[in-house]
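>>> Provide a 3D model corresponding to the input given below.
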Amino acid sequence: MYVSDLFKGKKVLVTGGRSGIGFGIAKAFLNLGAEVIIASRKEEPLLAAAEELKAFGSCYAKVCDIREPDAIKELGEMIQETIGGLDILINNAGGQFPAPSNVIAQKGWASVINNNLNGTFYMSQHIANTFFIPQKSGTIINITANVMRGFPGMAHTGAARAGVENLTKSLGQEWAAHNIRVNAVAPGTIATSGLENYPEQMQAFLKESEKKNLMKRFGTTQDVSNAVLFLSSPLASYISGVTLPVDGLEHLAGDRMELYNTIMSFMK
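So this is what the prediction gives:
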């Protein structure tokens with residue numbers, strides 16, 4: 001779809017790049033000529049992912065907890081020392097767990113908000129101040145989720161991701177003067193190896209959910225990567241402050257209570 005050297009000379013940071021959607025995004029950029037740094041909290045799987053990605057191009061890795069500003073500062077220093085700058089930031093790192101709202105502990109709520117919302121802001125702010133604002137150019141893509149009609153069963157991540165979507169609009173406006181574009185991609189249910197870790201009841205729910213999708217399938221990491229590549233490319237040079245759903249119409253159709261009801265069935 002894209003010319004093979006579309007991102008030649010571009011330097012890309014993908015947080016949460018060791019697996020799933022983040023790994024797919026990193027691979028997609030490498031295949032189109034970019035230099036890529038992946039960041040994640042767990043060193044061993046991160047380094048293993050980087051070694052695998054090196055088959056496709058220049059890939060580096062740095063352990064980083066996006067909830068910790070000092071760790072983000074160290075990442076920025078490593079980027080400067082290793083590849084001499086940055087052009088594109090993909091805020092993909094995050095985490096959540098299924099739970100009805102009445103049983104989410106304060107610690108669990110704070111952890112998800114801190115990871116998915118605060119971490120995205122901390123990373124965006126530091127990368128903008130360190131690289132994008134001084135050089136008067138940059139692109140940020142935030143990976144969110146299908147939260148347009150709420151997220152029953154995961155209210156914590158729904159609130160955090162909705163916050164990121166609003167942050168996308170705010171930063172897009174504030175930083176337009178610095179030639180920085182800020183957009184978001186909102187995946188629906190994406191078929192990754194992580195889905196295999198769910199319990200049997202959740203696996204059954206997912207199989208039925210896939211059948212009910214209007215496009216009769218779950219998304220793939222390539223579906224998400226294609227959207228990220230487009231929004232990061234010159235083809236989207238006049239687009240900023242938007243969220244692009246990549247979900248087979250899940251944001252418009254389907255019963256949003258199904259996940260919640262399935263979780264409640266575990267607790268009976």
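>>> tell me, how many neighbours does residue 233 end up with?
Taking other C-beta atoms under 10 Å as the criterion, the count of residues near residue 233 is 16. (C-beta placed from N, C-alpha, C; glycine too.)
>>> how much space is there between it and residue 123?
21 Å (C-beta to C-beta, to the nearest Å).
>>> Show me what counts as buried in the worst-scoring helix or strand of the chain on mean pLDDT.
Ranked by mean pLDDT, DSSP states H and E, the weakest helix or strand in the chain is helix 200-212, scoring a mean of 80. Within helix 200-212, the residues scored as buried using 16 or more other C-beta atoms under 10 Å are 202, 205, 206, 209.
>>> Repeat that for stretch 156-175.
Buried, per 16+ other C-beta under 10 Å, within stretch 156-175: 156-165, 167-169, 171-172, 175.
>>> Could you point out which residue ranges in this structure have low pLDDT?
The chain contains residues with pLDDT under 70 at 193-199, 268.
>>> in it, which spans are helices?
20-31, 43-53, 69-83, 106-113, 119-127, 133-135, 155-174, 200-212, 221-232, 258-266 (DSSP state H).
>>> Go through those helices and pick out the most buried.
By mean neighbour count, with neighbours taken as mean count of other C-beta atoms under 10 Å, helix 20-31 ranks first of the helices of the chain at a mean of 24.
>>> How far off centre is it?
11 Å (C-alpha atoms, centre = their mean, to the nearest Å).
>>> now stretch 13-31
9 Å.
>>> Next: stretch 136-145.
10 Å.
>>> got it, and stretch 247-255?
Offset of stretch 247-255 from its chain centre (C-alpha atoms, centre = their mean): 19 Å.
>>> Show me which residues of that stretch are buried.
Residues of stretch 247-255 classed as buried by neighbour count (16+ other C-beta under 10 Å): 247, 248, 250, 251, 254.
>>> export these to a markdown table and tack on distance to residue 96?
Converted to a markdown table, these look like this (distance: C-beta to C-beta, whole Å):
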| residue | distance to residue 96 |
| --- | --- |
| 247 | 17 |
| 248 | 21 |
| 250 | 17 |
| 251 | 18 |
| 254 | 19 |
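>>> ok, back up a step: so which of the helices of the chain is nearest residue 241?
Ranking these by proximity to residue 241 (C-beta to C-beta) places helix 155-174 first, at 3.3 Å.
>>> just checking, residue 256 touches residue 154?
No. Using C-beta atoms under 8 Å as the test, residue 256 is too far from residue 154 to be in contact (10.7 Å).
>>> which of the two has more neighbours?
residue 154 (24 against 17).
>>> tell me the contacts of that one?
96, 97, 98, 99, 259 (C-beta atoms under 8 Å, 6 or more residues apart in numbering).
>>> out of these, who's nearest residue 135?
residue 96 (33.7 Å).
>>> okay, now residue 105: neighbour count?
9.
>>> Can you pick out the most distant pair from the buried residues of stretch 156-175?
156 and 175 (27.6 Å).
>>> for the least confident helix or strand of the chain, packing partners?
helix 258-266 (3 or more C-beta pairs under 8 Å, 6 or more residues apart in numbering; DSSP states H and E).
>>> The helix it packs on versus helix 155-174: what angle between them?
On the basis of axes from the mean of the first three to the mean of the last three C-alpha atoms, to 10 degrees, helix 258-266 is oriented at 150 degrees to helix 155-174.
>>> Quick one: list the elements packing against helix 258-266.
Helix 258-266 packs on helix 200-212, going by 3+ C-beta pairs under 8 Å, 6+ apart.
>>> what angle do the helix it packs on and helix 258-266 make?
Using the same axes, to 10 degrees: helix 200-212 against helix 258-266 is 160 degrees.
>>> Convert the C-alpha atoms of helix 200-212 to PDB, please.
C-alpha atoms of helix 200-212 as PDB (Å, rounded to 0.1, in the frame of the first residue of the first chain):
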ATOM      1  CA  GLU A 200     -12.900 -20.100  29.400                       C
ATOM      2  CA  GLN A 201     -16.100 -18.000  29.900                       C
ATOM      3  CA  MET A 202     -14.400 -15.000  28.400                       C
ATOM      4  CA  GLN A 203     -13.100 -17.100  25.500                       C
ATOM      5  CA  ALA A 204     -16.700 -18.200  24.800                       C
ATOM      6  CA  PHE A 205     -17.900 -14.600  25.000                       C
ATOM      7  CA  LEU A 206     -15.200 -13.500  22.600                       C
ATOM      8  CA  LYS A 207     -16.200 -16.100  20.000                       C
ATOM      9  CA  GLU A 208     -19.800 -15.000  20.100                       C
ATOM     10  CA  SER A 209     -18.800 -11.400  20.000                       C
ATOM     11  CA  GLU A 210     -16.800 -12.000  16.900                       C
ATOM     12  CA  LYS A 211     -19.800 -13.500  15.100                       C
ATOM     13  CA  LYS A 212     -21.900 -10.500  16.000                       C
END
